[in-house]
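S.K.: Provided below for reference: sequence and predicted model.
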Amino acid sequence: MEHFEPKIVCFACNWCTSAGADLAGTSRMEYDPSGILIRVMCSSRVDPQHVLWAFRKGADGVLLGGCHPGDCHYVDGNTKTLRRMILLKKLMGDLGIEPERLRLDWISAAEGKKFVSVMNEFTDQVRTLGPLELDGQTNPLGRE
Amino acid sequence: MSPKNAPREKRTGVFVCHCGINIAGTVDVKKVAETVGRHKGVVHAEDYVYMCSDPGQKLIVEAIKSQGLDSVVVACCSPTLHESTFRNAAKSAGLNPYQLEIANIREQCSWVHKDKDKATRKAIRITKSIIEKVKRNVSLQPISVPVTKRTLVIGGGISGIQAALDVANAGHEVILVEKSPSIGGHMIQLSETFPTLDCSQCILTPKMVEASKHPKIKLMTYSEVQDISGFVGNFKVKILKKPTYVDPEKCTLCDECSKVCPIVVPNEFDLGMTGRRAIYIPFPQAIPASYILDDKSCPSLFPIACGKCYHVCKPKAINYDMKPEIVEVDVGAVIVATGYDLYDKENMAEYGRGKYPDVLDGLQFERLCSASGPTKGQIIRPSDHKVPKEVVFIQCSGSRDPELHCAYCSKICCMYTAKHAMLYKHHVPDGQAYVFYIDIRSGGKNYEEFVQRAVENDGVLYLRGKVSKVFQEGDKLKVWGADTLTGKKIEIDADMVVLAQAMRPAKGADDVAKILKVPTDKDGFLAEAHPKLRPVESVTAGMYLAGAAQAPKDIPEAVAQASGAASKVLALFSSDTLSHNPVIAVVDEDLCSGCKLCIAMCPYGARIYNPEKKIVEVNDVLCEGCGSCIVACPSGAAQQINFTDEQIHSMVDTILEE
């Protein structure tokens, strides 16, 4: 696979992960440009269907960032997200998507460095997995 | 997307900021403006060197007016910085502020990538995704909610007292909750304070009295916050009032009860250096001035087996039937001033784990020096009551030691150690005081002069180096250390060792933080909203921080922060209503089946079942807009305004399009 540039959608909560990404910027830390953030107020706004939608529309990987357990701006939204994503990961294999293409991590507003390393690690991981190929005829997502 | 949901064609304007070279250095801003200008629905796109500048904002205002824009995207820095700037500009042009969104192409693009081509492509995708979002935004009005102009202050030390007084003096009610039987905190335990050597009790007790007599302050000592719900301006608090078994109104402080009490336990106020009875007064100037019966120490309370105190109490102030009480109050703001405790010297294996009686921590030495202390200000050894002639003070005991203890500097120890050594020399002029230090940090008004005074006027011997071991040998304490300036090993036969223990968040402060949902930092101190620009606010709106609960600090700093927190509360209380974020959950009544799955998801109790309509509704004021309930909704009846599924899907689509 030559020069495979993965497409990564990164859902980031407003209070921690998006702020952590801002800190990475303020600190001028460089990272792989393959991922693009969608800021939501809380990671618990991210529906497993949003993740599947992204895969169906051509994402090779989906990253989801929330506050650390116990630090959620909305009390415990992050733990709700965790439960939902554990279930989704179990289903992903059946849908023909490697569960490693989805990563949920806790990145606080103070963790610019962690944001960068998670972003780079995940991009490398998805790059190793190669492009997500879903057969439009048979795959249950009906990728276009 | 079904045609039914297709957005009404909007007229979107896009404004791309260069931010000098901050963005333009790595992103081809002209190309971004040009490319997004061709995006469907975009009728105006331009770039400018500083969009946040006055002329930059004017460009936006004029374009909104002349082009009839009904939605705007500004591609610039993080929305945390200039979202409100641009939304206000939009408002001044007659556009609803919620029709303006920020595309973050600086912190999340130009500053983190070097390849100009890739960064430009990413900036275009980011901007387009926000264009797709704003196309589907609806106009909103902030929700107006009333403010309860009453403040809860947690912690009755100097910070809490100062904050309570400042708020109360401005005319607002304050509830001051303190977990121990008296207010005063650690400051009331201190002997003298640096750098003036003011008597600590003498300067604190007037403030304690003022707080207790203030008509606007309700003191709740021996009480703990159990639960808090609600939001800024409208918190509901449950406070547990523990039973003291003594009516403070009737108690005459005659001390008869204490004389007959057969139980002796270590006295917390003197840090275990003296004993107290199960029925006791914490210290003579305690406020409220009353004895209390400590039900943890008294073994004869349940069932009553002793009753001696009851029988000798002439004013009949003792009531064994007193029960814990839950008090519910409504407040608009909370000031957290839970303070500190010293890092337990039992953690210091190298200094004897607290088992040597003559190895004291800083607070114990304060009690020893204090005129009201167990020795009435005489400095004597706890073990044999002899006057110590050689005293070693060890700084950074537990601080600045990332391997074994706390990584941070406790900030006040350099100063109080200089004070301790000085006070010792004043009490025992022929004694020798040694101070082991790593560095002397004496930043503060008149602080450096104070340390110099200890060295020059009082002859305190400062040795630069760490003490590796302290152990008992006969009646002496052997201190092994090194002087790193001369490179020599040092051995001192000391009579007393004083450890400047690190400052830790107060015991139980983590529970308070959890109840309040105020985040803490890696060391357990309460986290401020911004380390430089918002040092007295927590990230939770309406909750403010004061004193050593936030970080180690000395008295003047704690007082300044307390007044800072109070002024934030007063600013909050300056209007009768608050605006509440309208980006909340909504329910499509036709689609809702009333399954109630969303109710369990909401941490704020904002989801309420309407039995008449057989649907679950949203309380606009309680909803904080996390979006958790929307994901749980099986029918899609729930949506978050301006974060709808359709908006998120369309953003994903633009990010991924070829």
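M.R.: Received the coordinates, thanks.
S.K.: most centrally placed residue in the chain?
M.R.: In the absence of a named chain, chain A is used. A:Leu63 (0.9 Å; C-alpha atoms, centre = their mean).
S.K.: meant chain B actually
M.R.: Among the residues of chain B, the smallest C-alpha distance to the mean C-alpha position (C-alpha atoms, centre = their mean) belongs to B:Leu526, namely 3.5 Å.
S.K.: how near is A:Arg127 to chain B?
M.R.: 15 Å (C-beta to the nearest C-beta, to the nearest Å). All C-beta spots, glycine's among them, are computed from the backbone N, C-alpha and C.
S.K.: quick check: the residue nearest to the centre of chain B touching B:Thr520?
M.R.: Yes. B:Leu526 is in contact with B:Thr520 according to C-beta atoms under 8 Å; the separation is 5.7 Å.
S.K.: can you pull the residues that touch both of these two?
M.R.: The contact sets of B:Leu526 and B:Thr520 overlap at B:Pro505, B:Ala513 (C-beta atoms under 8 Å, 6 or more residues apart in numbering or on different chains).
S.K.: please enumerate the helices of chain A.
M.R.: Along chain A, the stretches classed as helices by DSSP state H are A:17-26, A:48-56, A:77-94, A:112-129.
S.K.: as a markdown table, those with distance to B:Lys568 and mean neighbour count would be great.
M.R.: As requested, the helices of chain A are exported to a markdown table (distance: least, C-beta to C-beta, whole Å; neighbours: other C-beta atoms under 10 Å in any protein chain shown):
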| stretch | distance to B:Lys568 | mean neighbour count |
| --- | --- | --- |
| helix A:17-26 | 21 | 25 |
| helix A:48-56 | 37 | 21 |
| helix A:77-94 | 26 | 18 |
| helix A:112-129 | 27 | 20 |
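S.K.: how about the residue in the stretch 51-200 of chain B that chain A sits nearest to, secondary structure?
M.R.: Per C-beta to the nearest C-beta, B:Glu107 is where the stretch 51-200 of chain B lies closest to chain A, at 3.0 Å. Of the three states, B:Glu107 takes helix according to DSSP: H, G, I helix; E, B strand; the rest coil.
S.K.: repeat for B:Glu589
M.R.: The three-state label for B:Glu589, taken from three-state DSSP, comes out as coil.
S.K.: so, low pLDDT: which residues of chain B?
M.R.: Applying pLDDT under 70 to chain B flags the ranges B:1-8.
S.K.: would you map the helices across the stretch 551-658 of chain B?
M.R.: Listed from the start of the chain, the stretch 551-658 of chain B has helices (DSSP state H, counting those that start in this stretch) covering B:555-572, B:597-601, B:628-632, B:645-656.
S.K.: helices or strands next to the third one in the packing?
M.R.: Yep, that's helix B:628-632 we're talking about. Where contact means 3 or more C-beta pairs under 8 Å, 6 or more residues apart in numbering or on different chains; DSSP states H and E, helix B:628-632 is packed against helix A:77-94, helix B:597-601, strand B:638-640.
S.K.: from the contact counts, what lies against the second one?
M.R.: It refers to helix B:597-601. Packing contacts for helix B:597-601, counted by 3+ C-beta pairs under 8 Å, 6+ apart, involve strand B:607-610, helix B:628-632.
S.K.: what of the longest one?
M.R.: Here helix A:77-94 is seen to pack against helix A:48-56, strand A:61-66, strand A:102-106, helix B:628-632 when contacts are counted using 3+ C-beta pairs under 8 Å, 6+ apart.
S.K.: if we can go back for a sec, and among the helices of the stretch 551-658 of chain B, the most buried is which?
M.R.: helix B:628-632 (a mean of 25; mean count of other C-beta atoms under 10 Å in any protein chain shown).
S.K.: send me that helix as PDB with only the CA atoms.
M.R.: The C-alpha atoms that make up helix B:628-632 are tabulated as PDB, following Å, rounded to 0.1, in the frame of the first residue of the first chain:
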ATOM      1  CA  SER B 628     -26.500  12.000  26.200                       C
ATOM      2  CA  CYS B 629     -30.300  11.500  26.200                       C
ATOM      3  CA  ILE B 630     -30.400  11.900  22.400                       C
ATOM      4  CA  VAL B 631     -28.300   8.900  21.800                       C
ATOM      5  CA  ALA B 632     -30.500   6.800  24.100                       C
END
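S.K.: before we move on, back to that, just the pLDDT for the residue lying closest to the residue nearest to the centre of chain A once chain neighbours are set aside.
M.R.: Take A:Leu63 and drop its neighbours on the chain: the residue closest to it by C-beta to C-beta, 6 or more residues apart in numbering or on different chains is A:Cys10, 4.2 Å away. In the predicted model, A:Cys10 carries a pLDDT score of 98.
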